[in-house]
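Chemist: This is a predicted model, with the sequence first.
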Amino acid sequence: MVAAFKERLKEINPVYIKFDTLQTLQVNLGNLCNLSCTHCHVGASPGGKKVMDRGVMEKVIGFLKGQKGLTLDITGGCPEMNPHFRFLVEATNGFSPRRIVRSNLTIMTEPGMGWLPEFYREHRLVITASLPCYLEENVERQRGKGVYAKSIAALKTLNELGYGETLELNLVYNPGGDFVPGSQKGLEAAYKNELLERYGIRFNNLYTITNAPIGRFREYLETQGAFDRYLNLLATSFNPDTAGNIMCRTLVSVDWKGFLYNCDFNQAIGLPITGNDGSILKIDDLDNAARSGNELFLAQHCYCCTAGEGSSCTGALSG
């Protein structure tokens, strides 16, 4: 039986189950996406109905205006498909020194979306883009036929605009199955070599992210009868050196309705931040939700963040 994740953290240091200091506000604009990836933890697709409206965005903007210096991490779904994406970016100019857009790359090649690369550059957005492998067959197994060629075309366009050199372009690797990523440094070297030699593509950093046993990936594991085995793998791969660096200690996630979570994974499974009275906290309660010393909302899927070199929205936590 797998030990409770929360208890594993407490054994190392009781402070690790508590919030530290808010550094990143991650805003999930919804589950609308032009792809339907097999590993997607939020179940995003072209049929996604959860779309953040302008009213919630205005509250996000208001918070950032009063808390300048935070990183703004914009995700989805495909965040660029939200009809108010442009508004959010333009309205937060000057509020956050680092604004990240988590892109699937292919959205830049869709009809009517050709404005995106120049828009990214104009607003000096950091692009963190999903590319689960540098090999075509592995990418298309996870993301669908034709996705690899579109991704490569988008990366070339970004390079032409200075991304990967004067502007920051990061790629994200996630395993193609039920295993823990290998060395982030080793994978980054392989990615850089292969993409440069094959296509002349340059990027800054590779982030390895372990698949969380939730959403579509959990469904896959259950159909293979592999859920318990995978969770046990994550637990037996627990790395104490990663425990103090888990992203939920410095990040709060906002969903499309404005409800708050300790991370995007908790958001996906409906495990929100709640107040002392049990009420779910919203964007208006962010100061309270991000108070230093608040106990984190943790569950067994959190083992994905401490397995091997660790995993977070900015990659490995050790190694």
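Modeler: Received, thanks. Keep in mind that what you see is a predicted model, and the values were worked out from it rather than measured.
Chemist: Hmm, Cys302 and Ala4 touching each other?
Modeler: No - counting by CB atoms under 8 Å, Ala4 does not reach Cys302; the two are 10.0 Å apart. Every C-beta, even on glycine, is put in place using the N, C-alpha and C of the backbone.
Chemist: What helix or strand is Leu196 located in?
Modeler: Assigned by DSSP states H and E, Leu196 belongs to helix 184-199.
Chemist: For that helix, name the packing helices and strands.
Modeler: Secondary-structure packing of helix 184-199 (3 or more CB pairs under 8 Å, 6 or more residues apart in numbering; DSSP states H and E): helix 147-160, strand 169-173, strand 205-208.
Chemist: excluding its backbone neighbours, what's nearest Asn232?
Modeler: Computed as CB to CB, 6 or more residues apart in numbering, the closest residue to Asn232 that is not its neighbour in sequence is Val2, at 5.9 Å.
Chemist: Can you check the pLDDT for that neighbour?
Modeler: On pLDDT, Val2 comes in at 87.
Chemist: gap between it and Asp255?
Modeler: Distance of Val2 to Asp255, computed by CB to CB, to the nearest Å: 27 Å.
Chemist: Verify the contact between Gln23 and Asp73 for me.
Modeler: No - applying CB under 8 Å, one finds Gln23 not in contact with Asp73, separated by 10.1 Å.
Chemist: Can you pull the residues that touch both of those two?
Modeler: Common contacts of Gln23 and Asp73, defined by CB atoms under 8 Å, 6 or more residues apart in numbering, comprise Leu251.
Chemist: Okay, and Arg99 sits in which element?
Modeler: Per DSSP H and E: strand 98-103 holds Arg99.
Chemist: quick one on the thing from earlier: between Val2 and Asp255, which has more neighbouring residues?
Modeler: Using other CB atoms under 10 Å, the more surrounded residue of Val2 and Asp255 is Asp255, with 26 against 15.
Chemist: Got phi/psi on that one?
Modeler: phi -90, psi -180 (degrees, to the nearest 10).
Chemist: the strands in the protein, which residues?
Modeler: Assigned strands in the chain, in chain order: 24-28, 71-75, 98-103, 126-130, 169-173, 205-208, 251-254, 260-261 (criterion: DSSP state E).
Chemist: quick one: the residue nearest to Ala190 when sequence neighbours are not counted and Phe297, what's the gap?
Modeler: Using CB to CB, 6+ apart and skipping residues adjacent in sequence, the residue nearest Ala190 is Tyr134, 7.0 Å away. As for Tyr134, its distance to Phe297 is 36 Å (criterion: CB to CB).
Chemist: With neighbour numbers in mind, choose between these two.
Modeler: A direct count of neighbours by other CB under 10 Å for Tyr134 and Phe297 places Tyr134 higher, at 22 against 17.
Chemist: And Ala4 and Cys302? Which one has more around it.
Modeler: Legend: neighbour count by other CB under 10 Å for Ala4 and Cys302, higher for Cys302 (24 against 14).
Chemist: what sits against the closest residue to that one other than its chain neighbours?
Modeler: Sequence neighbours aside, Phe5 is the residue nearest to Cys302 in space, at 4.6 Å (criterion: CB to CB, 6+ apart). Phe5 is in contact with Ala235, Leu298, Ala299, Gln300, Cys302, Tyr303, Thr306, counting by CB under 8 Å, 6+ apart.
Chemist: Closest one to Gly177 out of those, please.
Modeler: Tyr303 (16.8 Å; CB to CB).
Chemist: was I right about Ser36 contacting Gly144?
Modeler: Yes - judged on CB under 8 Å, Ser36 makes contact with Gly144 at a distance of 7.0 Å.
Chemist: Next, find the distance separating the nearest residue to Arg86 once chain neighbours are set aside from Glu80.
Modeler: The shortest distance from Arg86 to any non-neighbouring residue, by CB to CB, 6+ apart, is to Phe119 (7.0 Å). Distance of Phe119 to Glu80, given as CB to CB: 9 Å.
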